[in-house]
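Visitor: here is the input, now give the coordinates:
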Amino acid sequence: MDKIIIEARVNELATRQENPNVPFIPAEIIRDAKACYDEGASILHYHGRTATGEPEHAASFYLETNAGIRAQCPILVHPTLGYVANDADAMGRFAAVEEMMKDPITAPDFAPMDVGTVNVDWWDPDKNSYTTTNLVYENSTETLMHFADRIKHHGLKQYLVSWNVSFTRQIEAFMKMGVIPAPAYVCFCMTDGISLSGHPGTPEGLDAHIAFLPKDREMIWTAVNYKGNLLLLTEKIIKAGGHISIGLGDYPYLEYGTPTNADIIAKVVEQARALDREPATVEETREILGMNKVRAAA
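Guide: Model (predicted):
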């Protein structure tokens, strides 16, 4: 079978209340990047965080982190644009990437586009009520077209996140318009636990995503389960020819004690190999996704 791309999603907005191994500061993220790379991950996704875990949007955080990662290993870097924690306009949300692109040493390899808007309020399954009622992850078509233009300008790969079928339809429309080039790399974002925003992290939830991939467009897909245990679905994903995006940023994986991100990557690699899919190297990942070979400064 084709090789599998494994992405480590190391921190997102996760706390340390359940698993103390969630990395926050640059040195911790750099450490996890190297450890996950050594276990077989070819992509690293991270969010800027303060030492106490709050969101950190300063470009300096990303410059320090990216440079440190580059000094340790060649893993492909996929930073955030801030999720709901960053409510600036399109230019403001992309500003840190613009700064990163000024030096090849700090330049990322991907820039994300969550291709649609979705309510992301937190659900309390014990009380059957919402703990927030006004969280909207807003990504207007105009904003997304700005992101796409700047990503193309910098020669980065678009990392396209689909929370539900409407997002995938928007991706298809953008491909028809020439806004998104082929092959498109699409992350199916399923959600569980305290998040009801995406398809559920079940075989049926994944199947619903896959069913709406346009047959006449070149799309490569990976899957994540935000706030849920993706390891319950990895066998299905591997057998279906998909790729895997996983880490402590999404779920603490307390079923395995208090694992590190590298521990989770090792479990995925072991399972993939048992199912005859070798993890893709960094260069093989670039080839599969049709990425530029050389990073260029702005």
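
Visitor: for residue 37, phi and psi?
Guide: Per-residue torsions, residue 37: phi -60, psi -40 (degrees, to the nearest 10).

Visitor: show me the contacts for it.
Guide: 44, 72, 73, 74, 75 (Cβ atoms under 8 Å, 6 or more residues apart in numbering). Just so you know, the C-beta spots here come from the backbone N, C-alpha and C atoms, and that holds for glycine as well.

Visitor: now a PyMOL select for only the buried ones of the residues you listed.
Guide: Here is the PyMOL command that selects the buried residues among these (16 or more other Cβ atoms under 10 Å):
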select buried, resi 44+73+75
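
Visitor: how far away is residue 264 from residue 150?
Guide: 32 Å (Cβ to Cβ, to the nearest Å).

Visitor: and residue 158, that one's in a helix?
Guide: No. Judged by DSSP: H, G, I helix; E, B strand; the rest coil, residue 158 forms no part of a helix; its state is strand.

Visitor: sorry, back to before: of residue 264 and residue 150, who's got more company?
Guide: residue 264 (27 against 18; other Cβ atoms under 10 Å).

Visitor: state the helix or strand in which that one lies.
Guide: Per DSSP states H and E, residue 264 falls inside helix 261-274.

Visitor: list the helices and strands that helix packs on?
Guide: strand 6-9, helix 26-39, helix 234-239, strand 243-246 (3 or more Cβ pairs under 8 Å, 6 or more residues apart in numbering; DSSP states H and E).

Visitor: contacts for that helix?
Guide: Under the criterion Cβ under 8 Å, 6+ apart, residues 4, 6, 8, 10, 21, 23, 32, 35-36, 38-41, 231, 234-235, 238, 244, 246-248, 253, 256, 278-279 lie in contact with helix 261-274.

Visitor: of the residues you listed, grab the buried ones for PyMOL.
Guide: Here is the PyMOL command that selects the buried residues among the contacts of helix 261-274 (16+ other Cβ under 10 Å):
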select buried, resi 4+6+8+10+21+23+32+35+36+39+40+41+231+234+238+244+246+247+248+253+279
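
Visitor: just the strands in the protein please.
Guide: 6-9, 43-46, 76-79, 110-114, 118-119, 123-124, 129-130, 136-137, 157-162, 184-191, 199-200, 219-226, 243-246 (DSSP state E).

Visitor: make JSON lines out of those and add mean pLDDT.
Guide: JSON lines is the format used below for the strands of the chain (pLDDT from 0 to 100):
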{"stretch": "strand 6-9", "mean pLDDT": "99"}
{"stretch": "strand 43-46", "mean pLDDT": "98"}
{"stretch": "strand 76-79", "mean pLDDT": "98"}
{"stretch": "strand 110-114", "mean pLDDT": "97"}
{"stretch": "strand 118-119", "mean pLDDT": "96"}
{"stretch": "strand 123-124", "mean pLDDT": "97"}
{"stretch": "strand 129-130", "mean pLDDT": "98"}
{"stretch": "strand 136-137", "mean pLDDT": "95"}
{"stretch": "strand 157-162", "mean pLDDT": "98"}
{"stretch": "strand 184-191", "mean pLDDT": "98"}
{"stretch": "strand 199-200", "mean pLDDT": "98"}
{"stretch": "strand 219-226", "mean pLDDT": "98"}
{"stretch": "strand 243-246", "mean pLDDT": "98"}
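
Visitor: could you dump those strands to CSV with distance to residue 269?
Guide: Putting the strands of the chain into CSV (distance: least, Cβ to Cβ, whole Å) gives the following:
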stretch, distance to residue 269
strand 6-9, 7
strand 43-46, 14
strand 76-79, 16
strand 110-114, 21
strand 118-119, 31
strand 123-124, 32
strand 129-130, 37
strand 136-137, 31
strand 157-162, 21
strand 184-191, 19
strand 199-200, 25
strand 219-226, 15
strand 243-246, 10
